[in-house]
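Visitor: coords please:
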Amino acid sequence: MLSLPLYQQCRARACTSKTKTGAHARTGGLAALGSPRQLYNYAMEDAQAHKLTTKIKANMIAATKARKSVEVSALRSLLARISNAEAVPADQSHIASSSIAGASVGVGSTEAPRKQLSYMDVQEIIQAEIQEIQAAKQRLDGSSDYVAELDQKIVIVSAYLEK
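Guide: Predicted coordinates for the structure are as follows:
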């Protein structure tokens, strides 16, 4: 059985992917969003993505405490890439202050919900991070001690890829 918050998150994610003129607007119910099994799959995928990012954060904290600088660097970079992917574009329509240029009026007026990444989205981000490290390694042409560090980063980040 799905927990209510997780179910609501899936429903909200599925609702945003439907158009206002589609079946969901006519029925106003979950029937247009798919079967309960599809909603369950959305929920499980979200849970897997959350579990993976939580694991990466926990491992970064452990690496920080153990003073493993290469591991901390690799995981911090990976978490930054995931966080950037969750960000939504800024909406400029809320800017209404005349006394301070670009200021927004009201508490929380600049807050926006972050995107919910699926497990496959997170896997693609991890793959992109690995490719970026490999590209940096190729630019160095093995002429630096930094190449060994990049090899370690590839191994560290690759550990989070689905096998």
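Visitor: any buried residues in stretch 49-61, and which?
Guide: Residues 49-50, 52-53, 56, 59-60 are the ones in stretch 49-61 that count as buried (16 or more other Cβ atoms under 10 Å). Bear in mind the C-beta positions are built from the backbone N, C-alpha and C, glycine included.
Visitor: one more: stretch 138-154?
Guide: Of the residues in stretch 138-154, those buried under the neighbour-count criterion (16+ other Cβ under 10 Å) are 149-150, 152-154.
Visitor: could you pull out the helices for this structure?
Guide: According to DSSP state H, the chain carries its helices in the segments 4-17, 23-27, 36-65, 69-86, 119-140, 146-158.
Visitor: what comes up buried for the fourth one?
Guide: Within helix 69-86, the residues that qualify as buried are 70-75, 78-79, 81-82, counting by 16+ other Cβ under 10 Å.
Visitor: of those residues, closest to Ser144?
Guide: Sorting the buried residues of helix 69-86 by distance to Ser144 puts Val70 at the head of the list, at 14.4 Å, by Cβ to Cβ.
Visitor: and the closest one, how far from Gln152?
Guide: Look at Val70 and Gln152: by Cβ to Cβ, to the nearest Å, they are 5 Å apart.
Visitor: looking at this protein, which helix or strand is least sure?
Guide: Among the secondary structure pieces of the chain, namely its helices and strands, helix 23-27 has the lowest mean (mean pLDDT, DSSP states H and E), a mean of 40.
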